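> model the structure of this input:
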Amino acid sequence: MPDTADGATLPSSSWPEEEPDQRTIAVMNTRRKAFRITARTGFIVAPAIFLLPLFIPLLSGGYYFPAIICMTAAWAVFVSATSFQTMAHTKAGGQPWLHQLWAVPVAIIALFPGGLAAFALYAAVVQAVYHATK
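Numbers count the residues shown, from 1 in each chain. Got it, this is the predicted structure:
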């Protein structure tokens, strides 16, 4: 089938292939960078949120129950950071927001073992401080 006015056919490789729009790539890379920064921040903040409240009984010698709540929340922050890291590695054209569908229930479920671990560790530190000062 002729593709030109003079009847000659063009080879199939001469047609320009459809390339992704540069603005689309730039927007996706900007989102990925934001997801990576958020994930990195979450991976730094989560251990800090979990470990810093342990200094309260060491410094004051008392029991402060909101520290356990803070330590429990660190688990949800860790799951969220994992989700953002997964979103940063979503293939081009994919929907990174779909990872939030599993991240929210997992974060809620992670609060239970996280709370138990926080309570056990905090109680152990309080008990150690109590016996050390007794």
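
> buried residues, the longest helix seen in the chain. List them.
Looking across the chain with DSSP state H, the single longest helix is helix 99-133. Along helix 99-133, these residues count as buried under the neighbour rule (16 or more other CB atoms under 10 Å): 99, 103, 106-107, 110-111, 114-115, 118, 121-122, 125-126, 129. Yep, even glycine has a C-beta here, placed from its N, CA and C like the rest.

> hmm, who's touching stretch 40-50?
Here stretch 40-50 makes contact (CB atoms under 8 Å, 6 or more residues apart in numbering) with 70-71, 73-75, 77-78, 80-81, 84-85, 118.

> could you export the residues you listed as CSV, including distance to residue 49?
CSV is the format used below for the contacts of stretch 40-50 (distance: CB to CB, whole Å):
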residue, distance to residue 49
70, 6
71, 7
73, 6
74, 4
75, 9
77, 6
78, 9
80, 12
81, 11
84, 16
85, 17
118, 10
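
> which ones among those residues map onto helices?
Going by DSSP H, the helices hold 70-71, 73-75, 77-78, 80-81, 84-85, 118 from the contacts of stretch 40-50.

> residues in contact with residue 78?
Counted by CB under 8 Å, 6+ apart, residue 78 has contacts 42-43, 46, 110.

> let's see 10 Å
42-43, 45-47, 49-50, 107, 110, 114 (CB atoms under 10 Å, 6 or more residues apart in numbering).

> residues contacting residue 96?
28, 31-32, 35, 83-84, 86-90.

> which among those residues gets closest to residue 63?
Among the contacts of residue 96, residue 83 lies closest to residue 63 (CB to CB), at 33.1 Å.

> contact partners for the closest residue to the closest one other than its chain neighbours?
Nearest residue to residue 83 in three dimensions, chain neighbours excluded: residue 103, at 3.4 Å (CB to CB, 6 or more residues apart in numbering). By CB under 10 Å, 6+ apart, the contact set of residue 103 is 76, 79-84, 86-87, 110.

> thanks a lot, see you next time.
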